[in-house]
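Trainee: can't give you the sequence, but here's the structure:
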């Protein structure tokens, strides 16, 4: 019987092929993939410098078919370089397939695929918003959830494109003035409730404010125009790129083109009717949002989506 | 090497402890014996001794959840859920407020005001991220108007106006987030606290029906099931309108892994309405003198299928899949009114966008549905830090003090 791991090496192409067909990897393969990913990610800095061209992706939240649609729009890896800004899991049906595929792509093309940590890549959040339930439903136990959430502790916090564009999942932190301050954060842990690491994955821009403000999310801060200007000036950058917030049009540009939000989950939660986008950054630094709608497969594979057992049913036994 | 994929559907584990948080939470709630109404409803005579305070957040970390489950506030929330569930049992949602006690008119005036303000503050056009910024205008207008309306209610009920500081906090917390333009179960919980607070203080009490009569207070608290249903149904109506009109985001939705993007309480209350009928009429064997169920539950004209309705004309849990039944039932039952909203806002087949509600439609009885929804509420709403971290605690209504078996801090 053909295996996907053999003496410690993983057949990544085999895994990727399976995952494109939306077939789950065996538990032991996930364990090996996550172990390998940790070895790779541990060597990445908290601030990774990369070069354009690169396509930047926002929240996906387990909407696997829409991720494939995104690849159709933006090109499949490794022909297109990708920077994913986090929130791969929770809420949608296919968090496991989504994070399995992205992790395998990262291992297979480590310099063409980058994965940044989002606030949902944590035990505390993913235990509550679907990923944990999904692991229990699809594997019958929580081992896979443990492998992935342990791996999440190794994901980087930020990426800089061409020394010009600063990319994070959430936003800025009152504790981070210079990007160098991010480099010294000990990131190999669960996302804390406060401090720079929490702020980078939780904060939101506030177009009506100038300064930092209290965030009603209960973590991170809101930050206004003056903060963005100052941060870009101090760090000699031109733009901040982030995800973390639903956008009706799939993206939003704020503060005189100093900050963009990119959102990649179309028709979020089956009801928001929103568009999604992937942001292409060209070698010359031009930014183009490619907007897309929900994938047709969402309709084609309905029956299969309904077959999954939901752990919430346990309350009604 | 195992090349096979795990099965798409696993059998549900039999151990409830495997649901995160549920085990702990259930045990915590089981320890609490709901206080007697007479102890929890404040007599007007004691009002002068009450020290109302601005609401304050007290749940700062997940560790605080354990203490929360032992507080008077938590016990009162549990008490409210069980009281409301018994009070609405076998009662259809009324069609109007006709015949309600004058005490109810003040709280209803608040909902009318919210509706009226939503009418005069339409959504505005122009670029935005998601929610419509006109919601903020509506929210501020409500904030300005509601203070007077709550004062009126307190005056009429002869309740100290000092109570406003806590009641208004809960009320404004029940309308969604002004900053985030979203609405979720945390806001809904705040409404439960507002309703409970008004009721504890006697502001909803029909004095003509129960002039401080301890015996009757024990049973009804001076409010009827119909009145409770009308109050909640007006609240849900207004919120649904506001969510639609201003395009509010689901706050902290669990997506397909949760019950509903915004709500939980209408399902508990609606299942309680039907659970009663089942217990009262359908578990009684024929010929033992059971009377007919309330006629107003029956849709007058529709041809009824046995898979959707029992022979007593009560809709089965499975009937949520039939849109005709949903349309027939939405005005008489709060569970079905919530399902009708789902059909209105969600795209695609029901089983796909709402798999948890779909699974519940396979549960054989409304009693089981109701009990399950309560367990789920305790674990997924009251037991979840991201939701209850926003809940405010004051000096009187829902205090952050240990539950002492009675009305808590006095």
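Mentor: Structure received. Remember, predicted model here, so these are calculated numbers, not experimental data.

Trainee: can you give me the helices in the stretch 151-300 of chain A?
Mentor: A:180-183, A:196-202, A:225-235, A:297-300 (DSSP state H, counting those that start in this stretch).

Trainee: How about the stretch 201-350 of chain B?
Mentor: Using DSSP H, counting those that start in this stretch, helices in the stretch 201-350 of chain B cover B:214-220, B:225-245, B:265-277, B:323-329, B:334-345, B:350-353.

Trainee: Out of the ones you listed, which one sits most buried?
Mentor: Of all the helices of the stretch 201-350 of chain B, helix B:265-277 carries the top mean neighbour count, a mean of 26, counting by mean count of other Cβ atoms under 10 Å in any protein chain shown. Backbone N, C-alpha and C define where each C-beta goes, glycine included.

Trainee: what's the angle between that helix and helix B:225-245?
Mentor: 150 degrees (axes from the mean of the first three to the mean of the last three Cα atoms, to 10 degrees).

Trainee: what residues does the stretch 151-300 of chain A put near chain B?
Mentor: A:193, A:216-218, A:222, A:245-248, A:252, A:261, A:267, A:269-274, A:298-299 (Cβ under 8 Å from any Cβ of the partner chain).

Trainee: can you count the residues close to the nearest residue to residue A:42 once chain neighbours are set aside?
Mentor: Nearest-residue entry for residue A:42: residue A:154, 5.7 Å, with adjacent residues in sequence omitted and distances by Cβ to Cβ, 6 or more residues apart in numbering or on different chains. For residue A:154, the neighbour count with other Cβ atoms under 10 Å in any protein chain shown is 20.

Trainee: Quickly note the distance from residue A:154 to residue A:39.
Mentor: 9 Å (Cβ to Cβ, to the nearest Å).

Trainee: Likewise for residue A:162?
Mentor: Taking Cβ to Cβ, one finds residue A:162 at 28 Å from residue A:39.

Trainee: quick revisit: does the residue nearest to residue A:42 touch residue A:34 like I think?
Mentor: No: Residue A:154 is beyond contact range of residue A:34, at 9.3 Å (criterion: Cβ atoms under 8 Å).

Trainee: Now do the buried residues in the helix or strand in which residue B:76 is found.
Mentor: Per DSSP states H and E, residue B:76 falls inside helix B:72-87. Across helix B:72-87, burial judged by 16 or more other Cβ atoms under 10 Å in any protein chain shown covers B:72-81, B:83-85, B:87.

Trainee: check contacts around the nearest residue to residue B:55 once chain neighbours are set aside.
Mentor: Spatial nearest neighbour of residue B:55, excluding adjacent residues (Cβ to Cβ, 6+ apart): residue B:392 at 2.8 Å. By Cβ atoms under 8 Å, 6 or more residues apart in numbering or on different chains, the contact set of residue B:392 is B:55, B:56, B:57, B:169, B:170, B:173, B:190, B:398.

Trainee: of all those, which two lie farthest apart?
Mentor: Spatial extent of these (Cβ to Cβ) is set by the pair B:56 and B:190 at 13.9 Å.

Trainee: Which one of these two is surrounded by more residues?
Mentor: Legend: neighbour count by other Cβ under 10 Å for residue B:56 and residue B:190, higher for residue B:190 (22 against 11).

Trainee: for the more buried one, what are its contacts?
Mentor: B:170, B:171, B:173, B:174, B:391, B:392.

Trainee: In which helix or strand does it reside?
Mentor: helix B:185-200.

Trainee: For the strand or helix carrying residue B:108, what is the distance to the chain centroid?
Mentor: Secondary structure from DSSP H and E places residue B:108 in helix B:102-120. Remark: helix B:102-120 is offset 18 Å from the chain centroid, using Cα atoms, centre = their mean, to the nearest Å.

Trainee: what's the model's confidence in that helix, averaged?
Mentor: For helix B:102-120, mean pLDDT rounds to 94.

Trainee: Check stretch B:248-264 too.
Mentor: 91.

Trainee: Compare residue A:162 and residue A:39 and say which one has the larger neighbour count.
Mentor: Taking other Cβ under 10 Å, residue A:162 and residue A:39 do not tie; residue A:162 has more neighbours (17 against 10).

Trainee: Give me the below-cutoff pLDDT ranges for the chain.
Mentor: No chain in the question, so chain A it is. Judged by pLDDT under 70, chain A has its weakly predicted residues at A:1-3, A:6-8, A:301-311.

Trainee: Let me rephrase: I mean chain B.
Mentor: Judged by pLDDT under 70, chain B has its weakly predicted residues at B:1-48, B:207-220, B:278-304, B:405-410.

Trainee: center of it - which residue?
Mentor: With distances taken as Cα atoms, centre = their mean, the residue of chain B nearest its centroid is residue B:265 (3.2 Å).

Trainee: my guess is that one meets residue B:192, correct?
Mentor: Yes: at 6.5 Å, residue B:265 counts as touching residue B:192 under the criterion of Cβ under 8 Å.

Trainee: report the angle between the axes of the helix holding residue B:190 and helix B:72-87?
Mentor: Going by the same axes, to 10 degrees, helix B:185-200 makes 80 degrees with helix B:72-87.

Trainee: now the angle between helix B:102-120 and helix B:185-200, please.
Mentor: 150 degrees.

Trainee: For the top helix by length along chain B, give me every contacting residue.
Mentor: If you go by DSSP state H, chain B has its longest helix at helix B:134-156. Helix B:134-156 is contacted from outside by B:102-103, B:106-107, B:109-110, B:113-114, B:117-118, B:121-124, B:159-161, B:163-164, B:167-168, B:171-172, B:175-176, B:178, B:181, B:198, B:201, B:203, B:242, B:246, B:248, using Cβ under 8 Å, 6+ apart.

Trainee: Could you tell me how many residues sit around residue A:189?
Mentor: Residues near residue A:189, counting by other Cβ under 10 Å: 11.

Trainee: Also residue A:60?
Mentor: Residue A:60, neighbours per other Cβ under 10 Å, totals 31.

Trainee: That one: what's it in contact with?
Mentor: So residue A:60 contacts A:66, A:67, A:84, A:87, A:88, A:92, A:98, A:264, A:265 (Cβ under 8 Å, 6+ apart).

Trainee: Check these and tell me the two furthest apart.
Mentor: The farthest-apart pair in the contacts of residue A:60, when distances are taken by Cβ to Cβ, is A:84 and A:92, at 15.0 Å.

Trainee: Chain A: which of the buried residues of helix B:72-87 is nearest?
Mentor: residue B:81 (14.6 Å; Cβ to the nearest Cβ).

Trainee: I'd guessed the closest one sits against residue B:377; true?
Mentor: Yes: judged on Cβ under 8 Å, residue B:81 makes contact with residue B:377 at a distance of 7.1 Å.

Trainee: quick one: common contacting residues for these two?
Mentor: The contact lists of residue B:81 and residue B:377 share residue B:268, where a contact means Cβ under 8 Å, 6+ apart.

Trainee: right, and the secondary structure at residue 125 would be what?
Mentor: Because you didn't say which chain, this covers chain A. State at residue A:125, reduced to three classes by DSSP: H, G, I helix; E, B strand; the rest coil: helix.
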